[in-house]
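S.K.: 3D model of this:
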Amino acid sequence: MRREYIHSCHSWQNGPPRYDCAFVNTNPGLEGMRSLDVVRILAFFSFSSQSTRYPCAVVQWFDRVGDEPDADTGMWIVRPAFTTHRRPSIAVIHVDTIYRAAHLIPFIKPHHSYDVFTTFYINKFIDHHAFSLLSDSY
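M.R.: Okay, the predicted model is just below:
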């Protein structure tokens, strides 16, 4: 079985913060990217209720740009989602809905922060699993 580490920390190795992105299962009845949404993991936590432990994540949602991958690159495009009051769309999800890590490429020129750019390509070329997952989407 394959194992991935998804990071969410305010200081990565005594440097800037690291808040990884991930795919979340939101519509299991569909296939590929149409069954998934992209989030940025802001924090992990858990709580217990009636002797049951619930592992959760605080996430910032991304919206898909269009209903198909980009015609030139074959990659899906996403941008951060906002509420009607122009605040980032934040939610708490169960960690079992996290499918795998997602690698986003800034839409304009390269930079080191997801905060600077408004639109991103979802990199299907990062590994074999991402390629097969996202190539079956269209």
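
S.K.: wait, isn't N123 in contact with A130?
M.R.: Yes - applying C-beta atoms under 8 Å, one finds N123 in contact with A130, separated by 7.0 Å. Backbone N, C-alpha and C define where each C-beta goes, glycine included.

S.K.: shared neighbours, these two?
M.R.: Counting by C-beta atoms under 8 Å, 6 or more residues apart in numbering, the residues touching both N123 and A130 are A102, H103.

S.K.: show me the strands in this protein, by range?
M.R.: 8-9, 18-19, 21-25, 36-49, 52-64, 77-80, 90-94, 98-102, 104-106, 120-122 (DSSP state E).

S.K.: mind putting these in JSON lines, distance to L134 and mean pLDDT included?
M.R.: What follows is the strands of the chain, written out as JSON lines (distance: least, C-beta to C-beta, whole Å; pLDDT from 0 to 100):
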{"stretch": "strand 8-9", "distance to L134": "23", "mean pLDDT": "90"}
{"stretch": "strand 18-19", "distance to L134": "21", "mean pLDDT": "92"}
{"stretch": "strand 21-25", "distance to L134": "9", "mean pLDDT": "96"}
{"stretch": "strand 36-49", "distance to L134": "9", "mean pLDDT": "96"}
{"stretch": "strand 52-64", "distance to L134": "12", "mean pLDDT": "96"}
{"stretch": "strand 77-80", "distance to L134": "12", "mean pLDDT": "93"}
{"stretch": "strand 90-94", "distance to L134": "21", "mean pLDDT": "97"}
{"stretch": "strand 98-102", "distance to L134": "10", "mean pLDDT": "93"}
{"stretch": "strand 104-106", "distance to L134": "12", "mean pLDDT": "86"}
{"stretch": "strand 120-122", "distance to L134": "7", "mean pLDDT": "83"}
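
S.K.: which non-adjacent residue is nearest P28?
M.R.: Spatial nearest neighbour of P28, chain neighbours left out: S35 (5.9 Å); criterion: C-beta to C-beta, 6 or more residues apart in numbering.

S.K.: so who does that neighbour touch?
M.R.: If you count contacts by C-beta under 8 Å, 6+ apart, S35 has them with N25, T26, N27, P28, G29.

S.K.: separation between the nearest residue to F107 once chain neighbours are set aside and F82?
M.R.: Nearest residue to F107, sequence neighbours excluded (C-beta to C-beta, 6+ apart): T119, at 3.9 Å. Taking C-beta to C-beta, to the nearest Å as the measure, T119 falls 13 Å from F82.
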